[in-house]
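S.K.: Need the 3D shape of this:
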Amino acid sequence: MTAWTDRAGHRGWLWDESLRLLEFGRRAVPAGQGAGWLDDDGTVDPDRPVFTWITGRTAHVYALGHLLGVPGCRPVAERAIAALRTSLHDDEHGGWYASIAPDGTLDTTKSAYAHAFVVLAASTGTVAQLDGARALLDDALAVLDARFWEPAAGLSADEWDRTWTTLETYRGVNANMHTVEALLAAGDATGDARWHQRAATIAGHVVAWAGANGWRIPEHFDASWAPQLELNADRPDDPFKPYGATVGHGLEWARLLLTVDAALPGAPDETLVAAAVALYDRAVADGWAVDGAPGFVYTTDWAGAPVVRTRMHWVAAEAIGAAAALHRVTGDERYAGDYSRWWDYASEFLVDHDRGSWHHELDASNVPSADVWPGKPDLYHAFQATLLPLLPLAPGLAVAVRDELG
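M.R.: Modelled structure (predicted):
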């Protein structure tokens, strides 16, 4: 049977879904502000802060929309880029604030997670030739390199105070995962291969940790990069630092490892391919429908038993991208079967066919809930799920869309 990704009908459906998502989020960036947190109808929630990470994601998505030729996307992306250069930027000390509250109060934390999304936004904006994007990229890469990169560890630190005086002892894989994504995009945008190589260095550490831990990725570390496996056992559904193994990150890393491999010169690295397969297989075995209902649980313990059974939309989106990538690399038809199964699940339970976008969170019975992610904050995961199956692993999304490589 022809894989869905090769069928004109499915490719058309993906295009329609990408357009539907772009329409939903069109109001995300009011003039003079960063991107807001979207509610269930795509309206900015005035009671929530403007976050740098959401603004970066929004700039990335709408810059891709502009590259795709969708009218109205460029102004949205450029307003987000402008906010990253002005209101969200710390002109005194450099770097980016975490957020701006509705009353104007700044969260002055400087986090690698947020800075990675600034690099991603600026990289995609540079490829799309958006106003101010290249200057933003140069600034963001300099900050990421000087403030967060730990050369001895070959990894990124996590969080500073505003003045770059105090570095938190916590180290995390989540920020490093998005740093890998951002560095791959930066290498594409600048033509500087050292950013691709740095992404590969980070990925190599994660492969080693996961391989030594049954392919369940340790997420949390201390300042010496010793795993802290019991961190947040008392609040396991933390949106950024949950306890245990995060199923969606196993899927996301599986795709990223294949992307890193494709971005590097030379023949495929079978070690990275094998690791991608192992991470994917572990995540599916631990996470999919393990409690009798379809969907991926959010987290498991270190033996693979479910801890938080909530279904997050981003996990299914990453499963889609990982299955498509693995099918492209290996040719194994089981990934094509998984790919169609994950999309069937998303369409039935996650895609909001009435009000737009995707439900960001479902309970264990696949009913929309809002315990961790109320509303529909942003489009990043869902939108990428509509593009990744159509494009090569390298170059990344922005260059592949620009050069019409799909």
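
S.K.: Tell me if residue 162 really is in a helix.
M.R.: No: counting by DSSP: H, G, I helix; E, B strand; the rest coil, residue 162 is located in no helix; its state is coil.

S.K.: residues near the closest residue in space to it that isn't next to it in sequence, how many?
M.R.: Using CB to CB, 6 or more residues apart in numbering and skipping residues adjacent in sequence, the residue nearest residue 162 is residue 108, 3.7 Å away. (Each C-beta comes from the backbone N, C-alpha and C, glycine too.) As a burial measure, residue 108 scores 16 neighbours (other CB atoms under 10 Å).

S.K.: Next: residue 179.
M.R.: The number of residues packed near residue 179 is 26, by other CB under 10 Å.

S.K.: Next: residue 142.
M.R.: 12.

S.K.: hmm, back to that, name all residues that make contact with the residue nearest to residue 162.
M.R.: 90, 97, 98, 161, 162 (CB atoms under 8 Å, 6 or more residues apart in numbering).

S.K.: now it: how far from residue 370?
M.R.: Separation of residue 108 from residue 370 (CB to CB, to the nearest Å): 28 Å.

S.K.: do residue 356 as well
M.R.: Counting by CB to CB - residue 356 and residue 370 are separated by 16 Å.

S.K.: So which of those two has more stuff around it?
M.R.: More crowded of residue 356 and residue 370, by other CB under 10 Å: residue 356, with 17 against 12.

S.K.: Over to the more buried one. Which of the three states is it?
M.R.: coil.

S.K.: got the residue ranges for the helices in the stretch 51-200 of the chain?
M.R.: 52-67, 73-85, 112-127, 133-143, 173-190, 193-211 (DSSP state H, counting those that start in this stretch).

S.K.: okay if I get those as a markdown table plus mean pLDDT and distance to residue 26?
M.R.: Shown next, in a markdown table, are the helices of the stretch 51-200 of the chain (pLDDT from 0 to 100; distance: least, CB to CB, whole Å):
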| stretch | mean pLDDT | distance to residue 26 |
| --- | --- | --- |
| helix 52-67 | 98 | 9 |
| helix 73-85 | 98 | 6 |
| helix 112-127 | 99 | 17 |
| helix 133-143 | 98 | 20 |
| helix 173-190 | 98 | 23 |
| helix 193-211 | 98 | 31 |
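
S.K.: For the ones you listed, could you give me TSV that also reports distance to residue 167?
M.R.: Output for the helices of the stretch 51-200 of the chain, formatted as TSV (distance: least, CB to CB, whole Å):
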stretch	distance to residue 167
helix 52-67	19
helix 73-85	23
helix 112-127	11
helix 133-143	14
helix 173-190	13
helix 193-211	18
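
S.K.: So for residue 310, which of those sits nearest?
M.R.: Taking CB to CB, helix 173-190 is the member of those nearest to residue 310, at 17.3 Å.

S.K.: The closest one vs helix 52-67, what angle?
M.R.: Between helix 173-190 and helix 52-67, the angle comes out at 30 degrees (axes from the mean of the first three to the mean of the last three CA atoms, to 10 degrees).

S.K.: Which strands and helices lie in contact with helix 173-190?
M.R.: helix 112-127, helix 133-143, strand 155-156, helix 193-211, helix 247-263, helix 397-402 (3 or more CB pairs under 8 Å, 6 or more residues apart in numbering; DSSP states H and E).

S.K.: mind running it again at 6 Å?
M.R.: helix 112-127, strand 155-156, helix 193-211 (3 or more CB pairs under 6 Å, 6 or more residues apart in numbering; DSSP states H and E).

S.K.: Which element is encountered next along the chain beyond the last one?
M.R.: Toward the C-terminal end, the helix or strand that comes next after helix 193-211 (DSSP states H and E) is strand 220-221.

S.K.: Can you tell me what sits against that following strand?
M.R.: By CB atoms under 6 Å, 6 or more residues apart in numbering, the residues outside strand 220-221 that reach it are 171, 172, 227, 228, 231.

S.K.: and if you look at stretch 394-406?
M.R.: With contact meaning CB under 6 Å, 6+ apart, stretch 394-406 is reached by 64, 67-68, 124, 127, 184-185, 188, 262-263, 387, 390-392.

S.K.: Tell me the one of those nearest residue 12?
M.R.: The closest of the contacts of stretch 394-406, once distances to residue 12 are taken by CB to CB, is residue 390, at 10.7 Å.

S.K.: wait, what's in contact with the closest one?
M.R.: residue 406.

S.K.: repeat that for 8 Å
M.R.: By CB under 8 Å, 6+ apart, the neighbours of residue 390 are 5, 11, 14, 406.
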